[in-house]
Each structure stands twice: as structure tokens, then as C-alpha cells.
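>>> sequence-free structure coming up:
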């Protein structure tokens, strides 16, 4: 594979999964103290990596769950945030100023703050009530936080008596790091072809999906293509696609559809059926195409966003090579005050 150390990815995701026991204990402790609600309130793109877990809780648990933006929640108020709230924040650097402000605001209201960081001995790691630190960087953080917040959601449901079979899911997750590297290898030729098909187009790209796949489409469009590559991109949820955006699809318009294996899959299938008849160029990345050896159907549906994140890492590397624009190059991000 091009420009990758597979062992690095394998080691990082093994460390991510290894934190499952600590996350499970944290969930049990929070429920035991009389947890009223959970706020997923990270800042920026990393927040999107927590949304599949938040949505899972909203769908399958009676525990009230709030999806908030750190800067907005810290600047305003939510009457539900209080001493029996758990606020979840993710940050690779552990220094994101909006997340730090959110942590301080939450703690001032008596809430417990759980942070997932890629770096220890940083403000979010040391000042939060609970910290899960796993060495991660831009090329591995998506999978890390998708996995760890998924475990948190499942563990909260288990502690509340709303889920059985977590041991079996965790057994599957132990196989996931190797399965992810295998998925990268399988997708490598396709990633190169897809990068060549997308780079250099005159019109904005469209990225769409539903369920957990939607958040990865949103993340890749905003954080990788727009922020890291300065490529105009339109992320659009598959259910909203037919309420405006589809009128823009015609010849030479590229639509990239991410498809997972959860209950929202029919929404993706609808887009897949529509686009070819418009003359638009449809590109589908479907998690069902990857073997994920040893992982059962229930877990596959849960980890679809993780699989999409890991193969899109391969696409980002090939896009970078074609544009000659390093993924680390920014105009403004952390280069000036804003």
C-alpha cells in the first residue's frame, strides 16, 4: 500500500479496543451514580466521529442524549445540563480551545466530563473527570474515536439493563484491527482509481450516506477534502438528497455514496438507484464488500462507520498525491487567531 505503515494502524486500533474494559467500568460507575443524561459535545470534525454512538443511544436507549456543538453549548445554556450529566469530549491534541471551554462550563454546572484524547498530559486529559488516552493522530483518530464512543454507548445500555451480549460484541471488536488493515489492502487499488476520478473536477463533489455512514460522509467531505485539500465538497444526508440537492445532479457531477449495513441502508439504495439515470457519475463505497473476517452481522452493522473511515484514509492519501497538497497544509487552521 502507498505511503502507509500497516503495523502502525494495527497497533493503534488494538490500543483503542484495549480501552474497552476501562470504558465499560466508567459507564457502570456513571449509571450507578444516577446518570440523568449524556451530552456529546465535542468541537469541530471530531464531534462527527461521536455521532454514530450518540444516535445509537437515541435509537435504542431511553437515556436522554443531547448532540451539541462545544462552542455553542458553552456560550449558551441547556437546562438539562447538570450534576447528573455526563459530557463526552474527544480531541486528538487534548488542547482544542472550544472543548476546553466546554469542559470548564460543564464542570461549573457539576457535570462529569469524560474525555477521549490522543495525547496525555494535556488540559483535556488532566482536568477532565475521566480520561481515556490512546495515542492517535489524523490518520488513525477516526477509527479510534468511532470505536471507543461505540463501546461507551453499548456499555451505558448494558449498565442500564437495556443490552445483553456485550461480551460477544467485544470479542468481535478484538478482531476488528486486523480486519481494518485487510480492508485497507482490499480497497487500495480502488482508492487510487477513485482519487483519479474525483480530483480536478470543475464542480463541487457530493458526498452522501445515511445512518452511521452519513457521519463519515460529512466528516470526510468537511475535514479531509475541504479543510485538508481545499476541494469544494457538498455533504448531504441521503434522506435530504431528494429535497433539493438532487436537482443539481447532471452530467459530470460526481456523487460519492457511502453505504453501511445498518437499518438506514434503504436510504442509500434510493440514491444509488437514482443517480445513474441523471447522467451523473456515481461512486459507491459499500462496507458489505469487505470481508471483516470473524465479525458477525450485528457487529458489522455497528462498525460500518469505522470500516468507511479506514478505507477513506486510503482515498485521502491518493488524493494528496494527485493534488500535491499535503494533508497537513492549512491557510488558517492553527496559523492565526480566529
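Yep, it's here. Everything numeric here is computed off the predicted structure, so don't read it as measured data. Numbers count the residues shown, from 1 in each chain.
>>> now the lengthiest helix in the chain, how far from the centre of its chain.
If you go by DSSP state H, the chain has its longest helix at helix 166-198. Relative to its chain's centre, helix 166-198 lies at 14 Å (CA atoms, centre = their mean, to the nearest Å).
>>> That one: what's the following helix or strand?
With elements assigned by DSSP states H and E, the helix or strand that comes after helix 166-198 is strand 205-209.
>>> returning to what we had before: show me which parts of the longest helix of the chain are buried, residue by residue.
Buried residues in helix 166-198, counting neighbours by 16 or more other CB atoms under 10 Å, are found at 166, 169-170, 172-173, 175-177, 179-184, 187-188, 190-192, 194-195, 198. For every residue, glycine as well, the C-beta is placed using N, CA and C.
>>> average pLDDT across it?
Averaged across helix 166-198, pLDDT comes to 98.
>>> Now do that helix: which elements does it pack against?
helix 6-18, helix 20-32, helix 141-159, strand 254-259, strand 281-286, helix 297-323 (3 or more CB pairs under 8 Å, 6 or more residues apart in numbering; DSSP states H and E).
>>> Using CSV, please lay out those together with mean pLDDT, mean neighbour count and distance to residue 226.
Shown next, in CSV, are the helices and strands packed on helix 166-198 (pLDDT from 0 to 100; neighbours: other CB atoms under 10 Å; distance: least, CB to CB, whole Å):
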stretch, mean pLDDT, mean neighbour count, distance to residue 226
helix 6-18, 97, 17, 24
helix 20-32, 98, 18, 31
helix 141-159, 98, 26, 16
strand 254-259, 98, 25, 14
strand 281-286, 98, 19, 18
helix 297-323, 98, 22, 12
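>>> TSV for the ones you listed, including distance to residue 239?
Output for the helices and strands packed on helix 166-198, formatted as TSV (distance: least, CB to CB, whole Å):
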stretch	distance to residue 239
helix 6-18	30
helix 20-32	30
helix 141-159	21
strand 254-259	13
strand 281-286	17
helix 297-323	17
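>>> what's the closest of the ones you listed to residue 329?
With respect to residue 329, and counting by CB to CB, the nearest of the helices and strands packed on helix 166-198 is helix 297-323 at 9.5 Å.
>>> just how off-centre is that closest one within its chain?
That offset, for helix 297-323, works out to 10 Å (CA atoms, centre = their mean).
>>> ditto for stretch 264-282
23 Å.
>>> any low-confidence regions in the stretch 1-150 of the chain?
Low-confidence segments of the stretch 1-150 of the chain (pLDDT under 70): none present.
>>> In this protein, which residue is most central in space?
Nearest to the geometric centre of the chain sits residue 49, at 2.4 Å (CA atoms, centre = their mean).
>>> Apart from its chain neighbours, what residue comes closest to that one?
Using CB to CB, 6 or more residues apart in numbering and skipping residues adjacent in sequence, the residue nearest residue 49 is residue 145, 4.2 Å away.
>>> isn't the one you found right next to residue 90, touching?
Yes - using CB atoms under 8 Å, residue 145 is in contact with residue 90, at 4.8 Å.
>>> any residues in contact with both of these two?
Here residue 145 and residue 90 have 46, 49, 50, 116 as joint contacts, going by CB atoms under 8 Å, 6 or more residues apart in numbering.
>>> how much space between the first one and residue 78?
As judged by CB to CB, to the nearest Å, residue 46 and residue 78 stand 20 Å apart.
>>> Which one's more surrounded, the two?
Neighbour comparison, residue 46 and residue 78: the larger count goes to residue 46, with 23 against 15 (by other CB atoms under 10 Å).
>>> Quick check: closest non-adjacent residue to the more buried one.
Closest residue to residue 46 apart from its sequence neighbours, by CB to CB, 6+ apart: residue 90 at 4.7 Å.
>>> quick one: secondary structure of the one you found?
Three-state call for residue 90 (DSSP: H, G, I helix; E, B strand; the rest coil): strand.
>>> Pull the number of nearby residues for it.
31.
>>> same thing with residue 129?
As a burial measure, residue 129 scores 16 neighbours (other CB under 10 Å).
>>> Quick check, the residue nearest to residue 46 in contact with residue 149.
Yes - counting by CB under 8 Å, residue 149 is a contact partner of residue 90 at 7.2 Å.
>>> which residues does residue 313 contact?
Taking CB under 8 Å, 6+ apart, we find residue 313 in contact with 139, 142, 184.
>>> so who does residue 57 touch?
By CB under 8 Å, 6+ apart, the neighbours of residue 57 are 38, 63, 65, 153, 156, 157.
>>> same thing but 6 Å
Residues counted as contacts of residue 57 (CB atoms under 6 Å, 6 or more residues apart in numbering) are 65, 153.
>>> State the three-state secondary structure for it.
Assignment for residue 57 (three-state DSSP): helix.
>>> Check the spacing between it and residue 223 real quick.
In terms of CB to CB, residue 57 sits 23 Å off from residue 223.
>>> can you check residue 153 too?
Using CB to CB, residue 153 is found at 22 Å from residue 223.
>>> Output the contacting helices and strands for the helix or strand in which residue 102 is found.
In this assignment (DSSP H and E), residue 102 forms part of helix 97-108. Judged by 3 or more CB pairs under 6 Å, 6 or more residues apart in numbering; DSSP states H and E, helix 97-108 is in contact with helix 70-75, strand 85-91.
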